[in-house]
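Trainee: got a predicted structure here, sequence first:
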Amino acid sequence: MSALLHTLVYAIGILGLFLLDRDWKARTSPALWVPVIWVCIGGSRMVSQWLSFSATAPDSDQYLEGSPLDRAILTGLLVIAIVILIGRGQRVVTLLRANWPIVLFFLYCGVSVVWSDFSDVAFKRWTKSLADLAMVLIILTDGNRTAAIKRFLARAGFLLLPGSIVVIKYYPQFGRVYDRWVGTMSLTGVATDKNMLGLVCFVFGVGAVWRVTLAMKDGYRKSLKPLMAQGILLLTALWLLWKANSMTSISCFVFASALIVANSFPSLARRRTLIHLMVLGILTVSVSALFFQVGTGLVQTVGRNSTLTGRTDLWAHLLKMSENPVLGTGFGSFWLGPRLEKLWATYWWHPNESHNGYLEIYLNLGWVGIFLLGVLIVTGYRHVIRLLRREPDVGKLCLAYFVTGLTYNFTEAGFKTMNLIWISFMLAFMTIPKVAASKATVLQQAQKQKQKQPLEKPLRERVV
């Protein structure tokens, strides 16, 4: 069969996954497709890259100029998101007031544009970063928040993960990359490199694990179709994770899955001390193995050396290049111009990020940015723990995304625009006000009562 025919078969299979996973009783807004499209672009590659039919890495000038086509598409999605959020008015305002730390963080990012060497580029990047927040707000202000989270993860996962298999097998110019220096081949799927493919598998694979645990809790008879759809998605994620061989994503997937499965037991989920110890244990093991050479055999077992594949040397070099430790170089401005050219002249592998989310924040936003991120982390963790007690089904997913968001950024820069780890991290830590949560619960109960009314009326008539 030709590649086009195979693609058609896969497309029919993906449509089947959508139908299997469909919950006809749950009502969500069509606006949910906007964050799905945004995440699919962020988790794969820009439209201009798909149209170029080339896997060539961009040069330093392209980082400055960008693509007019991509800019138009992303701006259009942002405008649509803003219109949607304006229509939801009070719910959005209430949510932002309850999450003042994230508002303060984004405001500081915007102010930092002023002292950037490339203010116009920094402003464009900051505007694009606001879209990440807008997409999360669309999901969390939906009338049925839990169903919205389920559908958001399922829709994006169904498109990106099976799509990766299609491009790997039938469109190798997109799905496979040969290292121009070493000559080895790596699988990228819909993404631009193997680490991004690993991130896609991690984020949506964890979502599939979460859905499988919920389906098993409800019972096989009631949830057989969703269980089949999510099981296929999970197997696809595991296969691609193994092929991508991205150790950071594999480790985070294991940690997140363990947290979700452990908190599926009510007796454990209610004990805050045990949860705190689990979180502390994951963070301690990660930090000790990566930064303090404790258990170096563990790092070597997963295929990495003591320098974390050259990361530690890069970190030391970047710290020496910091020009403004207090305020940073400005939002998204460090990897531009002469600094980038100097680093590419030094490192043959042409890095375009620090491979550490906290260092990335420091370079761009300085110690002030690190402090604001710390406030986000502390307040976010308090929210996740409260949510785990109030809504354990959603809370265990948020805890998994939150903790692994912290560990992922030890060796990758995930706190940045259109990055799946940053979007899932915000989705996890943003506080849902009790008033908004109660209104959503009342709405769901009203919908259930409407569904029961047609069945109850004939019974009353018979009695009469």
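Mentor: Arrived safely, thanks for sending.

Trainee: then the helix or strand containing V92 to PDB, C-alphas only?
Mentor: Secondary structure assignment for V92, by DSSP states H and E: helix 89-98. Extracted in PDB, the C-alpha atoms of helix 89-98 (Å, rounded to 0.1, in the frame of the first residue of the first chain):
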ATOM      1  CA  GLY A  89     -16.000  37.300  32.000                       C
ATOM      2  CA  GLN A  90     -16.500  36.800  35.700                       C
ATOM      3  CA  ARG A  91     -15.200  33.200  35.800                       C
ATOM      4  CA  VAL A  92     -11.900  34.300  34.300                       C
ATOM      5  CA  VAL A  93     -11.500  37.300  36.700                       C
ATOM      6  CA  THR A  94     -12.300  35.100  39.700                       C
ATOM      7  CA  LEU A  95      -9.700  32.500  38.600                       C
ATOM      8  CA  LEU A  96      -7.000  35.100  38.000                       C
ATOM      9  CA  ARG A  97      -7.600  36.700  41.300                       C
ATOM     10  CA  ALA A  98      -7.200  33.400  43.100                       C
END
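
Trainee: summarise which helices and strands it is packed against.
Mentor: Packing partners of helix 89-98 (3 or more C-beta pairs under 8 Å, 6 or more residues apart in numbering; DSSP states H and E): helix 119-140, helix 434-463. C-beta coordinates here come from the backbone N, C-alpha and C atoms, glycine included.

Trainee: weakest of these by average pLDDT?
Mentor: Ranked by mean pLDDT, those bottom out at helix 434-463, with a mean of 48.

Trainee: can you tell me the average pLDDT over stretch 170-190?
Mentor: 80.

Trainee: endpoint to endpoint, it covers what distance?
Mentor: Chord length of stretch 170-190, first to last residue, is 12 Å (C-alpha to C-alpha, to the nearest Å).

Trainee: what sits against A3?
Mentor: By C-beta atoms under 8 Å, 6 or more residues apart in numbering, the contact list for A3 reads 170-171.

Trainee: for it, what are phi and psi?
Mentor: phi -60, psi -40 (degrees, to the nearest 10).

Trainee: quick check: it vs Y381, distance?
Mentor: The gap separating A3 from Y381 is 47 Å, by C-beta to C-beta, to the nearest Å.

Trainee: quick revisit: what pLDDT, on average, does the helix holding V92 get?
Mentor: 92.

Trainee: poorly predicted segments of the stretch 251-400 of the chain, please.
Mentor: Low-confidence segments of the stretch 251-400 of the chain (pLDDT under 70): 292-309.

Trainee: quick one: the helices in it?
Mentor: 266-269, 272-291, 296-301, 311-321, 337-346, 357-390, 392-408 (DSSP state H, counting those that start in this stretch).

Trainee: quick one: closest of these to S223.
Mentor: S223 lies closest, by C-beta to C-beta, to one member of those: helix 392-408, at 12.8 Å.

Trainee: and that closest one, what's buried?
Mentor: 394-408 (16 or more other C-beta atoms under 10 Å).

Trainee: who are the packing partners of it?
Mentor: Counting by 3+ C-beta pairs under 8 Å, 6+ apart, helix 392-408 packs on helix 145-170, helix 194-218, helix 247-262, helix 266-269, helix 272-291, helix 357-390, helix 420-429.

Trainee: could you dump the ones you listed to TSV with mean neighbour count?
Mentor: As requested, the helices and strands packed on helix 392-408 are exported to TSV (neighbours: other C-beta atoms under 10 Å):
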stretch	mean neighbour count
helix 145-170	22
helix 194-218	23
helix 247-262	22
helix 266-269	12
helix 272-291	15
helix 357-390	19
helix 420-429	24
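
Trainee: V92 is nearest to which of those helices?
Mentor: The nearest among these, by C-beta to C-beta, is helix 145-170 at 13.4 Å.

Trainee: just checking, what packs against that closest one?
Mentor: helix 3-21, helix 33-43, helix 119-140, helix 172-175, helix 194-218, helix 224-244, helix 392-408.

Trainee: what would those look like in CSV with distance to G310?
Mentor: Output for the helices and strands packed on helix 145-170, formatted as CSV (distance: least, C-beta to C-beta, whole Å):
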stretch, distance to G310
helix 3-21, 37
helix 33-43, 25
helix 119-140, 26
helix 172-175, 26
helix 194-218, 14
helix 224-244, 19
helix 392-408, 18
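
Trainee: show the pLDDT at G143.
Mentor: G143 is given a pLDDT of 89.

Trainee: the one 3 residues further on now?
Mentor: In the predicted model, T146 carries a pLDDT score of 92.

Trainee: quick one: residues in contact with the next helix or strand after the helix holding V92.
Mentor: Scanning forward in sequence from helix 89-98 by DSSP H and E, the next helix or strand is helix 100-111. Residues from elsewhere that reach helix 100-111 (C-beta under 8 Å, 6+ apart): 96, 126, 129-130, 133, 331, 365, 368-369, 372-373, 375-376, 379-380, 426, 430.

Trainee: rerun that using 7 Å as the cut-off
Mentor: 96, 126, 129-130, 133, 331, 365, 368-369, 372-373, 375-376, 379, 426, 430 (C-beta atoms under 7 Å, 6 or more residues apart in numbering).

Trainee: chain center to it: distance?
Mentor: Helix 100-111 sits 20 Å away from the centroid of its parent chain (C-alpha atoms, centre = their mean, to the nearest Å).
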